[in-house]
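Asks: let me see the structure of the following:
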Amino acid sequence: MRFGDDLPPPSMHDLIEMYPRRIPAPPSVETTIHNLLAADWNDDDSLLQLSSDLSEAEVSGTLFYDQARRFLDIVGQEKGVPLTARNNLNRATVLLMCRHLHWADRIRQRLERIGSRRFVESDVYPLYFLHDACYQGGLVMRRKGRLLLSRKGRALCREGSEGGLYGCLFHSLFQYMDMEDMVPGPEVPFLQQSIGVILWRLSLVAGDWIEYRRLPEEVLLAAVRRCIAESYTSPLCDNMDMWTLRSHVIKPLVWFGLLESDEPEDSFGHDLGSVRVRKTPLFDRFLHFGPPRQ
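Replies: Sure thing, here's the model as predicted:
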């Protein structure tokens, strides 16, 4: 987690500010927020628990899992895949990945304009996320200029370990990777630290369709919204709390099949305020808030 030079890590009281009173708050809301901010998702006593007993039928078909599984299959070849001097995938591997993975039409068109022989890993940002998530999660390792499956990666790619792999990828993306790297723009302090609170609030308010424009007020702590407002000072930057929440949290949750959205695949220039999102059944199967299950 990164903070600006003049911004110390927030205290709990900096972050805990009540939600709109029109939403009934449980009596222990302050304690719940405290515990979620401090939660270690690997701790058996964490208030936020990630289920590891998901079946292949439940996780297959979710975009991020399917893409990562294919990525790991390619990396899992006997000699792995070559890396550049900066530990990026080389052009040949990027081209191979692009042939086997699904990308939005907008990304495909951009790659076609660049020319398949010239683009590099940084040109295909979903591939960068896959690579980084697998590396940060310990699923792959770098050895002598090549990317190889780790022992953990091989174990989680075995039949019957689909739920464990899905949970590892989710944990890596939201806890180990820096969310600020996902989208260009100013840093938003505290957003990633409060992800547990955001997930908890989504579990309560996204049971039915809810518009993007309503989400910031419903799920973000007031301190986070204030940081976003202070980071984007241009009068042209309207509704940046909505855009930031969408890019850093909502879209990744859609990739994991935990939320569904009626946002068009090519949403460039589209008014996203009226776009809606809601939980899928997998959300409540995977994420559990409360005392650990027995």
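
Asks: low-scoring stretches of this structure, by residue?
Replies: For the chain, applying pLDDT under 70 flags the ranges 1-28, 103-118, 182-186, 233-237, 265-270, 291-294.

Asks: ranges for the helices of the stretch 101-250 of the chain?
Replies: Using DSSP state H, counting those that start in this stretch, the helices assigned to the stretch 101-250 of the chain run over residues 105-114, 125-136, 151-156, 162-171, 195-205, 215-219, 222-231, 240-245.

Asks: and these as a markdown table, adding mean neighbour count and distance to G80?
Replies: Where C-beta positions appear, they are placed from N, C-alpha and C, glycine not excepted. Putting those into a markdown table (neighbours: other CB atoms under 10 Å; distance: least, CB to CB, whole Å) gives the following:
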| stretch | mean neighbour count | distance to G80 |
| --- | --- | --- |
| helix 105-114 | 12 | 24 |
| helix 125-136 | 20 | 12 |
| helix 151-156 | 16 | 11 |
| helix 162-171 | 22 | 18 |
| helix 195-205 | 21 | 32 |
| helix 215-219 | 20 | 40 |
| helix 222-231 | 18 | 39 |
| helix 240-245 | 22 | 36 |
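
Asks: how about G167: what's its closest non-neighbour residue?
Replies: L50 (4.8 Å; CB to CB, 6 or more residues apart in numbering).

Asks: in contact with the one you found, which residues?
Replies: Residues in contact with L50 (CB atoms under 8 Å, 6 or more residues apart in numbering) are 41, 167, 170-171, 286-288.

Asks: surely G273 and I210 touch.
Replies: No. G273 is beyond contact range of I210, at 11.9 Å (criterion: CB atoms under 8 Å).

Asks: show me which of those two is the more surrounded one.
Replies: I210 (17 against 12; other CB atoms under 10 Å).

Asks: hang on, isn't the more buried one packed against V277?
Replies: Yes. With contact defined as CB under 8 Å, I210 counts as touching V277 (6.2 Å).

Asks: the strands in the chain, which residues?
Replies: 48-50, 81-82, 140-143, 146-149, 210-211, 259-261, 276-279, 287-289 (DSSP state E).

Asks: can I get those strands in JSON lines with distance to S161?
Replies: Shown next, in JSON lines, are the strands of the chain (distance: least, CB to CB, whole Å):
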{"stretch": "strand 48-50", "distance to S161": "14"}
{"stretch": "strand 81-82", "distance to S161": "22"}
{"stretch": "strand 140-143", "distance to S161": "16"}
{"stretch": "strand 146-149", "distance to S161": "13"}
{"stretch": "strand 210-211", "distance to S161": "34"}
{"stretch": "strand 259-261", "distance to S161": "24"}
{"stretch": "strand 276-279", "distance to S161": "25"}
{"stretch": "strand 287-289", "distance to S161": "19"}
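
Asks: wait, which of these is closest to P189?
Replies: Comparing these against P189 with CB to CB, the closest turns out to be strand 48-50 (21.0 Å).

Asks: note down every partner strand of that closest one and its orientation.
Replies: strand 287-289 (antiparallel) (DSSP bridges).

Asks: how about the partner strand: buried residues?
Replies: 287-289 (16 or more other CB atoms under 10 Å).

Asks: will you turn these into a markdown table that also has distance to L258?
Replies: As requested, the buried residues of strand 287-289 are exported to a markdown table (distance: CB to CB, whole Å):
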| residue | distance to L258 |
| --- | --- |
| L287 | 7 |
| H288 | 13 |
| F289 | 14 |
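
Asks: quick one: the residue nearest to V249 when sequence neighbours are not counted from D178, how far?
Replies: Excluding its sequence neighbours, the residue lying closest to V249 (CB to CB, 6+ apart) is I198, at 5.8 Å. According to CB to CB, to the nearest Å, I198 stands 17 Å off from D178.

Asks: got the domain ranges for this structure?
Replies: Per automatic domain parsing, the structural domains of the chain span 27-56+181-289, 60-173.

Asks: list the contacts of G163.
Replies: 51-55, 58-59.

Asks: ok, so of those, who is nearest E159?
Replies: With CB to CB as the yardstick, the closest approach to E159 among the contacts of G163 comes from S55, at 11.3 Å.
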